[in-house]
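Asks: 3D model of this:
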Amino acid sequence: MMMSFTDLQEKRRSIYVLGDNVSQTPEELFELVKSAVKHAPTAFNNQTVRTVVLFGEKKDQLWDITADRLKSEVPTEAAYQNTLEKLNSFKAGVATVLFYSDTDVVKTFEENIPLYSENFYDWSEQGHGIAEYATWLAVTEAGLGANIQHYNPLIDESVAKAFEIPAHWRLRAQLNIGSIEEPAPTKEYMTDDDRFKLVK
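Replies: Alright, predicted model coming up:
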């Protein structure tokens with residue numbers, strides 16, 4: 001029985017203990033990501049979202065790059081060891097999706113539609129949020145876990161060089177995917193009255 005959209009929303013959680021015990025092939029997971037991003041809406045249908053899906057040694061290379069970059073940022077050796085433990089948990093998954101924004105497309109829309117030029121960057125960011133969430137829900141529907149990270153812009157230059165990323169692509173997020181080896185804790189919600197208002 002397929003889950004409803006609401007069920008998927010409730011089931012989607014940040015899973016930090018990931019594994020590689022998945023039945024899907026890299027090609028199948030790649031198609032899942034492609035479909036989720038392709039059908040996610042963007043302002044003026046400008047389709048600014050780009051993705052790079054890393055598996056195996058390439059995925060591990062990403063987190064090795066991140067570890068090297070953070071070595072100069074983390075203040076103590078003890079803190080750095082905690083950082084390495086966290087990065088290794090991302091390595092333990094089966095894939096990492098790099099989400100990029102194509103800044104050339106954003107600039108083109110800014111130039112061609114000057115009336116809304118101040119909005120296109122914000123709208124691109126909104127498109128990213130939608131695409132990332134759509135991908136996360138698709139991963140959830142596939143029975144897998146995920147967590148999203150934002151080590152950009154610290155790692156941007158090194159990652160672009162390692163994976164031959166076009167200069168006009170701007171890194172926005174990293175989504176780690178894998179089997180759920182440990183469920184997320186119970187989620188707490190603030191009161192509805194503090195968040196929602198009904199006006200009739």
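Asks: V37 versus T51, what's the distance?
Replies: In this view, T51 and V37 are 6 Å apart by C-beta to C-beta, to the nearest Å. C-betas here are computed from N, CA, C, even on glycine.
Asks: more neighbours: those two, which one.
Replies: For T51 versus V37, the count of surrounding residues by other C-beta atoms under 10 Å is larger for V37: 23 against 20.
Asks: excluding its backbone neighbours, what's nearest that one?
Replies: With C-beta to C-beta, 6 or more residues apart in numbering as the criterion, V37 has its nearest non-adjacent residue at 4.7 Å, and that residue is A131.
Asks: return whichever strand or helix holds the one you found as CSV; C-alpha atoms alone will do.
Replies: Counting by DSSP states H and E, the element that carries A131 is helix 120-141. Taking Å, rounded to 0.1, in the frame of the first residue of the first chain, the C-alpha atoms of helix 120-141 are listed here in CSV:
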residue,chain,number,x,y,z
PHE,A,120,15.1,35.8,-9.0
TYR,A,121,17.9,34.9,-6.5
ASP,A,122,15.3,34.4,-3.8
TRP,A,123,13.1,32.4,-6.1
SER,A,124,16.0,30.2,-7.1
GLU,A,125,16.6,29.5,-3.4
GLN,A,126,12.9,28.6,-3.0
GLY,A,127,13.2,26.3,-5.9
HIS,A,128,16.0,24.6,-4.2
GLY,A,129,14.0,24.1,-1.0
ILE,A,130,11.2,22.5,-3.0
ALA,A,131,13.6,20.2,-5.0
GLU,A,132,15.5,19.1,-1.9
TYR,A,133,12.3,18.4,-0.1
ALA,A,134,10.8,16.5,-3.1
THR,A,135,14.0,14.4,-3.3
TRP,A,136,13.9,13.7,0.5
LEU,A,137,10.2,12.6,0.2
ALA,A,138,11.1,10.3,-2.8
VAL,A,139,13.9,8.8,-0.8
THR,A,140,11.5,8.3,2.1
GLU,A,141,9.0,6.6,-0.2
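Asks: quick one: contacts of the following helix or strand past that helix?
Replies: The first helix or strand that comes after helix 120-141 along the chain, using DSSP H and E, is strand 145-149. Residues outside strand 145-149 that contact it (C-beta atoms under 8 Å, 6 or more residues apart in numbering): 13-16, 18, 90, 132, 136, 139-140, 173-180.
Asks: cool, thanks, talk later.
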